[in-house]
Structure formats: C-alpha cells, structure tokens
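S.K.: Give the three-dimensional model of this entry:
(one chain, ligands or ions: 1)
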Amino acid sequence: MIRRIDHVAIVVKDIEAALKVYRDALGLSLGHIQTIPEQDVKIAFLPTGDSEIELLEPINPDSGVAKFLAKRGEGVHHICLEVDDLETTLAELAASGVELIDREPRQGAYGRVAFIHPKGAHGVLIELLERT
Ligand code: ZN
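M.R.: Predicted coordinates for the structure are as follows:
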C-alpha cells in the first residue's frame, strides 16, 4: 500500500540560511523555490533520488507551520508517503485505530492528500499522497 517516501518536509526559519547546509554543504541540488500562499509557506524543493527534501519557511505568523516552528523549533515537520489508493489506506488505518487528522482525502498540490495525527504515529506527522 505504500509506494515510497515522497518527501520529507523540514520547517526552517530562513530558507536561504538552510540552503547553506542542504544545498551548499550537503550538495543537494535545488529544484526550485515556490511560495504557496494558500498554505502560508515558501518551499524549497531539493530532489534526492526518488524522493525530495522540502524546506518549509512560514510566511504568515498565524499559520499552522509558523505555530509549529514557534512551539517546537526547526526540524522535521512531516514525512510524506506515496500510496496507491488513499481511500483504502485511510479506511485500513481507521479500522486499525490509528488517529487521523483527515478521514477523507483533500486536494493537495500534486494529488489527493490526508494526514495521520502525530499522536497516531509516535510523534511524527505523516502525510499520505495519492498522486494524480
Ligand atoms: Zn508534504
């Protein structure tokens, strides 16, 4: 049911500062940087093989990502797993008693997404993505 890790999202205070590590020191290539106003973030996409590292910088202090940064500091925000069939995956997780944020898929940038609550995944926010 899980195809691969699609991306790992890391929340940072300042993308330019983070690129000094992830691009310049680690040598990852920068795909592009995009501001997504609906999600209140600027994102740097760093493709790595079959997956991607995404650096998230909040652009609105009231957003969920900004609150996460204020509360927990910089670090891993979520891990995204690509699935074949999001409805089936959500139904199976719910049946297993895993705490979900989204019981129904919603539209994301690359397809339909749903989140598993960190309480249901040992402290990690998990995004499930069915690419379209
Ligand atoms: Zn994501």
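S.K.: now E82, what's its secondary structure?
M.R.: State at E82, reduced to three classes by DSSP: H, G, I helix; E, B strand; the rest coil: strand.
S.K.: OK, contacts around it?
M.R.: For E82, the contacting residues are 2-6, 129-131, by C-beta atoms under 8 Å, 6 or more residues apart in numbering. To be clear about C-beta, it is placed using only N, CA and C from the backbone, and glycine gets the same treatment.
S.K.: Can I get the buried part of these as one ChimeraX selection?
M.R.: Applying 16 or more other C-beta atoms under 10 Å to the contacts of E82 leaves a buried subset, and the ChimeraX line that selects it is:
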select :6,129,130
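S.K.: give me the number of residues near the residue nearest to L93 when sequence neighbours are not counted?
M.R.: Sequence neighbours aside, L100 is the residue nearest to L93 in space, at 6.2 Å (criterion: C-beta to C-beta, 6 or more residues apart in numbering). Neighbours of L100 under the rule other C-beta atoms under 10 Å: 17.
S.K.: Pop out the phi and psi values for L100.
M.R.: phi -110, psi 150 (degrees, to the nearest 10).
S.K.: Spell out which parts of this protein neighbour the ion.
M.R.: Proximity of the chain to the ion is assessed by C-beta under 5 Å from the ion, with 9, 80, 127 identified as the residues in range.
S.K.: any idea which of the residues you listed has the most stuff around it?
M.R.: Within the residues of the chain next to the ion, neighbour counts (other C-beta under 10 Å) peak at C80, which reaches 23 neighbours.
S.K.: so what's that residue bridging to?
M.R.: Beta-bridge partners recorded for C80 (DSSP bridges): H7, E127.
S.K.: for I53, same thing?
M.R.: With DSSP bridges as the criterion, I53 is bridged to V8, L46.
S.K.: okay but it is in contact with L46, surely?
M.R.: Yes - under the criterion of C-beta atoms under 8 Å, I53 makes contact with L46 at 4.4 Å.
S.K.: which residues of this protein fall in helices?
M.R.: Taking DSSP state H as the criterion, the chain contains helices spanning 15-19, 64-72, 86-95.
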